[in-house]
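> Sharing a sequence plus its predicted fold:
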Amino acid sequence: MTTARSALLRLLTVSALLVPSTALAQGAQPLSGSAKGQFTAISGFVARSAEKIPENLYSFQATPEVRTIAQLFGHIADAYFGMCSAAAGSKPPQSGLEKSATTKAALVKALNDGVSYCQSVMSGMTDGKGAEIVDFYFGPTPRLGILFFVTTHTYEHYGNLVTYMRLNKIVPPSSEGAPPTR
C-alpha cells in the first residue's frame, strides 16, 4: 500500500471516529454528513480569502519556486472539480483553472463554482454510496475517502494562503472569528 493511500485510509478512519455533531444531526448518514460539514468549513475560509486579498497581491509568491496566490486559488478550484467529479464517477465540468484563470473575478467565480459543484456531489452522497470503491489518483479509493481528501488538500493549501496573507499583513478569515453561515 502506498504511503499516500494508507494516509488517506487513516484519515478516513479518524474522521469516522471523530464525527462532528453536525454530522450526527444528519441521522443515518454520519460519514457523508461529516464530509460535507468539514468541506463547507474550509471551503468557506478559502472563498473568503479570495475575496479579501486585493487583486494586486494575486501575483505574490513567497519564493520563485512556489505558486502565486492566483495559482493557488486556481489549483484549489481545479482540485474541487477534479476530486469531486472522481467521487461522483464523472468527468470534471471544468479544468485548467490554475493556468487559465488569472484575474481575481475569474478566480473567485471558479472557486465558488467549484464549491457549488462539490456540495452538489456531497448532497447526493450517502454512507453506503461513499463506501463504493472508484479509481483515484493513487489507486482504488472509497468515494468518501476522496471527499475527505478534497478537504485535506484544501486545508493544506489554505495553510499556504494563511502564510501569504500574514506576509502581506492581512488577517486570515479563520483568525477573524466564526464564519458567516451559508
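Sure thing, it's come through.
> tell me which residues of the helix ranked longest in the chain are tucked away?
The helix spanning the most residues in the chain, taking DSSP state H as the definition, is helix 143-167. By 16 or more other CB atoms under 10 Å, the buried positions in helix 143-167 come out as 143-151, 153-154, 157-158, 160-162, 164-165. Placement of C-beta: from N, CA and C, glycine included.
> average pLDDT for it?
Helix 143-167 shows a mean pLDDT of 97.
> Counting by contacts, list what that helix packs against.
helix 3-17, helix 30-52, helix 69-88, helix 104-123, helix 127-130, strand 133-134 (3 or more CB pairs under 8 Å, 6 or more residues apart in numbering; DSSP states H and E).
> Out of those, which is closest to residue 175?
Among the helices and strands packed on helix 143-167, helix 30-52 comes nearest to residue 175, with 9.8 Å by CB to CB.
> Could I get the average pLDDT for that closest one?
pLDDT averaged over helix 30-52 gives 96.
> center of the protein, which residue is that?
residue 154 (3.8 Å; CA atoms, centre = their mean).
> contacting residues around that one?
By CB atoms under 8 Å, 6 or more residues apart in numbering, the contact list for residue 154 reads 39, 42-43, 46, 76, 79-80.
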